[in-house]
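Novice: need a structure here:
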Amino acid sequence: MDTAGQEKFNAISESYYRKADCCLLVYDITSRSSFDKVKDYYIPKLKKDCKNILKVVLLGNKADLKDERKVSEKEGGDLAFENEFIFMESSCVDNYNVLDAFTALIEMTNNELKKGNVKSHYHPKNIELKGGEDKKKKDKCC
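Specialist: Presented below is the predicted three-dimensional model:
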């Protein structure tokens, strides 16, 4: 759920992430305040409110705007390292690391579910990635 950090959505967003198994934390590399909000507000909030072992990818977005960068790649990497998160930078414009960020989250969470380390409210048998089978069905006629 994207609430853009608006205060009026705090109670709603807490109920969404309280039982979360994974999280994609995104900040804008061209906005210092965006990074600071993730560092000073969202990370402490997740650590306090999430009861599950949470898998997190910290994603610095807008990597295509290097000339406008306000947050260094090192700062993002250091924050991720301190909190034991995966770190990536991405660009939705260039389609750079977008799919990889989601794939990393899914793989980490799925591995933890298989190990039994995540007490998810979702049953592992209900989690399936659909891909090849659906495509084969669509290729056939009638």
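Novice: And residue 54, how far from residue 90?
Specialist: Taking Cβ to Cβ, to the nearest Å as the measure, residue 54 falls 20 Å from residue 90. Bear in mind the C-beta positions are built from the backbone N, C-alpha and C, glycine included.
Novice: which of these two has more neighbours?
Specialist: Set side by side, residue 54 and residue 90 show more neighbours around residue 90, with 22 against 19, by other Cβ atoms under 10 Å.
Novice: Could you tell me what pLDDT the model assigned to residue 14?
Specialist: At residue 14, the pLDDT value in this model is 64.
Novice: And for residue 106?
Specialist: 88.
Novice: wait, is it part of a helix?
Specialist: Yes - checked against DSSP: H, G, I helix; E, B strand; the rest coil, residue 106 lies within a helix.
Novice: That one - how many residues pack around it?
Specialist: Residues near residue 106, counting by other Cβ under 10 Å, number 14.
Novice: Which helix or which strand is home to residue 59?
Specialist: Assigned by DSSP states H and E, residue 59 falls within strand 55-61.
Novice: elements contacting that strand?
Specialist: Where contact means 3 or more Cβ pairs under 8 Å, 6 or more residues apart in numbering; DSSP states H and E, strand 55-61 is packed against strand 22-28, helix 73-83, strand 86-89, helix 98-115.
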